[in-house]
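here is the input, now give the coordinates:
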Amino acid sequence: MAQQNIYDNGTFFEGYQKLRQREANANNLFEIPERFALLPDLTGLRILDLGCGTGEHEKDYINMGAKEVVGIDISDNMLEVARTKNNDSRITYIKMSMEDLGKLEGEFDLVVSALAINYIEDFEGVVRNVNRLLVMNGEFIFSQEHPVNTCNSGKERWTKDENGVKIHANLTNYAVEGERDTVWFVDNVKIYHRKISTVINSLVDAGFAIEKLAEPVPSEEILEKYPEYYDLKHKPDFLLVKARKTNNI
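Below is the predicted model:
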């Protein structure tokens, strides 16, 4: 099953790069710190990164003691940056869709993924392959766009007062799972919405025990500096999951 390759769209990739260059983007303020807080001691670990993007964290993992890091991504644009700017003899980059993970061989202590899960249709298949590739008691740590956001992508997300102040977030078709078309830099970006229960039950059914969930929101200190992120008091942007392999399937 082919995975969408939106990051090789020139307009999309340019917009994404500009967004990530902003110091106060939501990734830097919320998703990345929360994901790194979930990581175990990486000393001597073999790590697989699903949707590794530009490889910005592969070098971090090596510097934190990882023995080996394998990053897979479907985007030539992403991998070109990764191989140019974030290369190391202990890092291997492979062009591969997560939905082709069954073709990958190896044994890993930790599998990570940052904001890539929403682009795949066959989440259950990916999770089964993660189980296959992990050692017993190995961990799977991933982040995704929060389901309260993915459910109504492409529709108006907020109810506002007459002054344009956001009163509350709109929740639409949360229980209707499946493909959504949204607009992010370009039209018709495809993502896949799943309920939180579906995410958790898919992991449990694939031999994982859930260790921790996180839904990062801004601290008062962050709000003092970046008041525009008060939105996240209404709804979190991200869901992060830490799961441990307890059974082979």
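
from now on I want contacts and neighbour counts done on CA atoms only, so please keep to that.
Fine.

look through this structure and report the residue furthest from the middle.
Within the chain, the residue lying farthest from the chain centre (Cα atoms, centre = their mean) is Glu162, at 35.3 Å.

identify the residues contacting that residue.
By Cα atoms under 8 Å, 6 or more residues apart in numbering, no residues touch Glu162.

quick check, it in a helix?
No. If the criterion is DSSP: H, G, I helix; E, B strand; the rest coil, then Glu162 is coil and not within a helix.

now it, what are its backbone angles?
When quoted as degrees, to the nearest 10, the phi and psi of Glu162 stand at phi -70, psi -20.

kindly report the same for Leu115.
Torsion angles, degrees, to the nearest 10, at Leu115: phi 50, psi 40.

right, and it touches His146 too?
No. The criterion here is Cα atoms under 8 Å, and Leu115 misses it with His146 at 9.7 Å.

in contact with Asn248, which residues?
If you count contacts by Cα under 8 Å, 6+ apart, Asn248 has them with 131-132, 136, 206-207.

show me how to select, in ChimeraX, the buried members of these.
The ChimeraX selection below is limited to those of the contacts of Asn248 classed as buried (16 or more other Cα atoms under 10 Å):
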select :131,132,206,207
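
from the contacts of Asn248, which land in strands?
Met136 (DSSP state E).

max pairwise distance over the contacts of Asn248: which two?
By the measure Cα to Cα, Met136 and Ala206 form the most distant pair in those, at 12.8 Å.

what's the overlap in contacts for these two?
Joint contacts of Met136 and Ala206 (Cα under 8 Å, 6+ apart) are 247-248.

next, the contact list for Lys190, please.
4, 119, 179-182.

put together a markdown table for those, with pLDDT, neighbour count and secondary structure on each row.
Listed next are the contacts of Lys190 as a markdown table, based on pLDDT from 0 to 100; neighbours: other Cα atoms under 10 Å; DSSP: H, G, I helix; E, B strand; the rest coil:
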| residue | pLDDT | neighbour count | secondary structure |
| --- | --- | --- | --- |
| Gln4 | 54 | 16 | coil |
| Tyr119 | 89 | 22 | helix |
| Glu179 | 92 | 18 | strand |
| Arg180 | 89 | 16 | strand |
| Asp181 | 81 | 16 | strand |
| Thr182 | 72 | 17 | strand |
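
give me the below-cutoff pLDDT ranges for the chain.
In the predicted model, the chain carries pLDDT under 70 at residues 1-23, 153-154, 183-188.

mind redoing it with 50?
For the chain, the stretches with pLDDT under 50 are 1-2, 184-187.

that one: strands as residue ranges?
Counting by DSSP E, the strands of the chain are 46-50, 68-73, 91-95, 108-114, 134-145, 158-160, 166-169, 178-184, 186-193, 208-214, 238-245.

check those for me and report the most buried one.
strand 46-50 (a mean of 25; mean count of other Cα atoms under 10 Å).

quick one: contacts of stretch 192-202?
With Cα under 8 Å, 6+ apart, stretch 192-202 has contacts from 118-121, 123-124, 127, 147, 150-151, 174-175, 177-180, 210.

and with 7 Å instead?
118-121, 124, 147, 150-151, 174-175, 177-180 (Cα atoms under 7 Å, 6 or more residues apart in numbering).

stretch 27-38 too?
Contacts for stretch 27-38 (Cα under 7 Å, 6+ apart): 216, 238, 240, 242.

buried ones in that stretch?
27, 29-31, 34-35, 38.

how many neighbours does Gly125 have?
18 (other Cα atoms under 10 Å).

let's have the chain start at 10 instead
Okay, using 10 as the starting number, the last item reads as Gly134.

which non-adjacent residue is nearest it?
Glu108 (7.2 Å; Cα to Cα, 6 or more residues apart in numbering).

surely the one you found meets Val135?
Yes. Assessed by Cα atoms under 7 Å, Glu108 is found in contact with Val135 at 6.1 Å.

of the buried residues of stretch 36-47, which belong to helices?
43-44, 47 (DSSP state H).
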